[in-house]
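> Need a 3D model of the following:
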Amino acid sequence: MTSAVGKVGKVGKVAESLRERVPTLTSMPLPRTVDQRWQAATYPVRELAAPPAGSGLKPVLGDDGPPVVGHALEMMRFGLDFSFSRYEKYGPVSWMGGFGRRIVSLSGPEATQIALVNKDKAFSQEGWKFFIEKFFDRGLMLLDFGEHHLHRRIMQSAFTRERLVGYVGQMGPALRAGVEAWPGGTRPRLYWALKQLTLDVATRVFMDMHSPGDAMRINRAFVNTVRAGTALVRYPVPGGRWSAGLRGRRLLERYFGETLPEKRRAGGDDLFAALCTATTEDGDRFTDADIVNHMIFLMMAAHDTTTITSSAMAYYLAKHPEWQERARAESLALGDDVPDIEALESLETLDLVMKESLRLRAPVPSMARKTTKDTEVLGHFIPEGTLVGVSPTLNHFTPDCWTDPMRFDPERFAEPRREDKSHRFAWMPFGGGAHKCIGLHFGSLEVKALMHEMLRTFRWSVPQDYTARWDYVSLPVPADGLPVRLEYR
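Numbers count the residues shown, from 1 in each chain. Model prediction:
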């Protein structure tokens, strides 16, 4: 038995190593001519649905793409370029085939505002259920209207200023120890180092978990559940992403369910304890099932988006060393103490770089919705029951809102320019409306604390001709793991 367990452990380590070094099928390098032909392929343009007679509305135009898979593979492979080409061809409202469905895409500030402000409640969170309900059942993002408002009110007590001060106090030493453990004079794949470090912080600050073995199992489970949402084969075929996601969900449910009674009894300063005791002024509290569901969702949201944001910042700071030096000077000026919340908030350069990195590489490139009734967006008719993807991606590059939008320019967020104020939905990496990310301040503080520790410990660089390629299979990550040259400062 011991021998068998050892073999399974070795296989797991090999699989983990391969996953870190081998790109996904959709991000593997192909001859440029193949990519060009793929992107240039055309398909019959059709109407999504005929508008009601006499309504004066226009039909939504689009195309199915290749048989069965639709445009799913193309979207995963080409990311931003795919979004740009669809917008250029069809405008801010269009549809495409993907995952066996027809999906309407809303892009640009005006179209996304209509769906996210959602004045007539025509857009529900049901769209997320198609992609991730099996893995993040009844997470905050999947709840609608009155129920969502109630759960958000309860959860808010876990993200008060007082709680954030405590979280920063916990994450600071963990981040410092983690960064200082990295070896200088090496060429690590930085994305994976950051992913492991943010997981360590999440498991400590969110769950007060200190066991490396448990943390590794939780990490694999989260990775599998996140990636399962965009599986093309949406059935538990052995070895498939959907099947792995279901196993990951079951593991997470068991872990949180078994740990919950003690957490309710003992309390603590971590997020898990905060959710166990969270209560509104009216006495509303979460059930055990609510806490398990919200913890699984919050761990995913915090861990993955923080890793993506810090990776993007590290990449742009490597490509623009003058900004790295400017940010480093501010960090060193804080002295050697682990920064508290006020110190982190004073790091203005990191704040500018973070906002610009979030603009160029939004961690969540699309937000799913489903229409609850017949509705219209910018004069286009969308029938009830339509799956909708609300994309912040193109908002971040709209020439009407941004000067030279393809260029890395953190100063665009500084006074007096503030180009992010050009439209309410010009910059929306945290979403918008009633479902705007509840943990955005926590996430921003963690990213700044992480980058601060990197700046005070290392300098890092990439070759001048290096350009990161981003993998959009689930959330955007560097396809090659972001190899950098890491040197002690």
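> Flag every buried residue along the helix ranked longest in the chain.
Longest helix in the chain, counting residues (DSSP state H): helix 288-319. By 16 or more other Cβ atoms under 10 Å, the buried positions in helix 288-319 come out as 290-319. Placement of C-beta: from N, CA and C, glycine included.
> Flag every buried residue along the following helix or strand past that helix.
Reading on from helix 288-319 to the C-terminus, the next helix or strand found by DSSP states H and E is helix 321-332. By neighbour count, with 16+ other Cβ under 10 Å as the criterion, the buried positions of helix 321-332 are Trp323, Gln324, Arg326, Ala327, Arg328, Glu330, Ser331.
> Quick check, pLDDT for Val223.
On pLDDT, Val223 comes in at 77.
> Could you find the closest non-adjacent residue to Met367?
The shortest distance from Met367 to any non-neighbouring residue, by Cβ to Cβ, 6 or more residues apart in numbering, is to Val390 (4.4 Å).
> now that neighbour, which residues is it bridged with?
Counting by DSSP bridges, Val390 is bridged to Leu106, Met367.
> per-residue confidence at it?
Reported pLDDT for Val390: 93.
> where does Trp128 sit relative to Pro66, distance-wise?
Counting by Cβ to Cβ, to the nearest Å, the separation of Trp128 from Pro66 is 25 Å.
> wait, I meant Gly245
24 Å.
> Have a look at the two and say which one is more surrounded.
A count of neighbours by other Cβ atoms under 10 Å puts Gly245 above the other of Gly245 and Pro66, at 24 against 14.
> Angles on the backbone of that one, please.
Phi and psi for Gly245, reported as degrees, to the nearest 10, are phi -60, psi -40.
> That one and Thr403: what is the separation?
In terms of Cβ to Cβ, Gly245 sits 41 Å off from Thr403.
> One more: Phe84?
18 Å.
> more neighbours, those two?
Phe84 (15 against 12).
> Go ahead and confirm the more buried one touches Thr398.
No: between Phe84 and Thr398 there is no contact under Cβ atoms under 8 Å: 11.1 Å.
> which residues does Thr186 bridge with?
Leu486.
> To what extent is it buried, counted in neighbours?
For Thr186, the neighbour count with other Cβ under 10 Å is 11.
> Check what pLDDT the residue sitting furthest away from the middle of the chain gets.
For the chain, the largest distance from the centre (Cα atoms, centre = their mean) belongs to Gly54, which lies 41.8 Å off. Note on Gly54: pLDDT of 95.
> now it: how far from Val377?
Gly54 is 19 Å from Val377, where distance means Cβ to Cβ.
> do the same with Lys89
In this view, Lys89 and Val377 are 17 Å apart by Cβ to Cβ.
> if you count what's nearby, which of those two comes out ahead?
Set Lys89 next to Val377 and count neighbours by other Cβ under 10 Å: Val377 wins out with 23 against 13.
> Would you check that that one makes contact with Ser105?
No: between Val377 and Ser105 there is no contact under Cβ under 8 Å: 10.6 Å.
> Now do the shared contacts for the two.
Val93 (Cβ atoms under 8 Å, 6 or more residues apart in numbering).
> The residue farthest from the centre of the chain - that's part of a strand, no?
No: counting by DSSP: H, G, I helix; E, B strand; the rest coil, Gly54 is not found in a strand; it is coil.
> Can you pull the phi/psi pair for it?
For Gly54, the backbone dihedrals are phi 80, psi 0 (criterion: degrees, to the nearest 10).
> again, but for the one 5 residues further on
Here the main-chain torsion angles of Pro59 (degrees, to the nearest 10) amount to phi -70, psi 160.
> Kindly provide the distance from the closest residue to Tyr235 other than its chain neighbours to Ala228.
Sequence neighbours aside, Trp242 is the residue nearest to Tyr235 in space, at 6.0 Å (criterion: Cβ to Cβ, 6+ apart). To Ala228, Trp242 is 5 Å away according to Cβ to Cβ.
> Looking at these two, which is more packed in?
Ala228 (26 against 19).
> Against Trp192, how distant is the more buried one?
Ala228 is 20 Å from Trp192, by Cβ to Cβ.
> With Arg241 instead?
19 Å.
> can you check Arg102 too?
Arg102 is 36 Å from Trp192, by Cβ to Cβ.
> So, low pLDDT: which residues of the stretch 251-400 of the chain?
Within the stretch 251-400 of the chain, the set of residues satisfying pLDDT under 70 is empty.
> go with 90
Applying pLDDT under 90 to the stretch 251-400 of the chain flags residues 255-256, 259, 262-273, 277, 279-282, 296-305, 364-365, 391-393.
> Which strand or helix spans Trp95?
If you go by DSSP H and E, Trp95 is part of strand 93-98.
> Revised request: answer the last question for Ala174.
Take DSSP H and E as the rule and Ala174 turns out to sit in helix 161-180.
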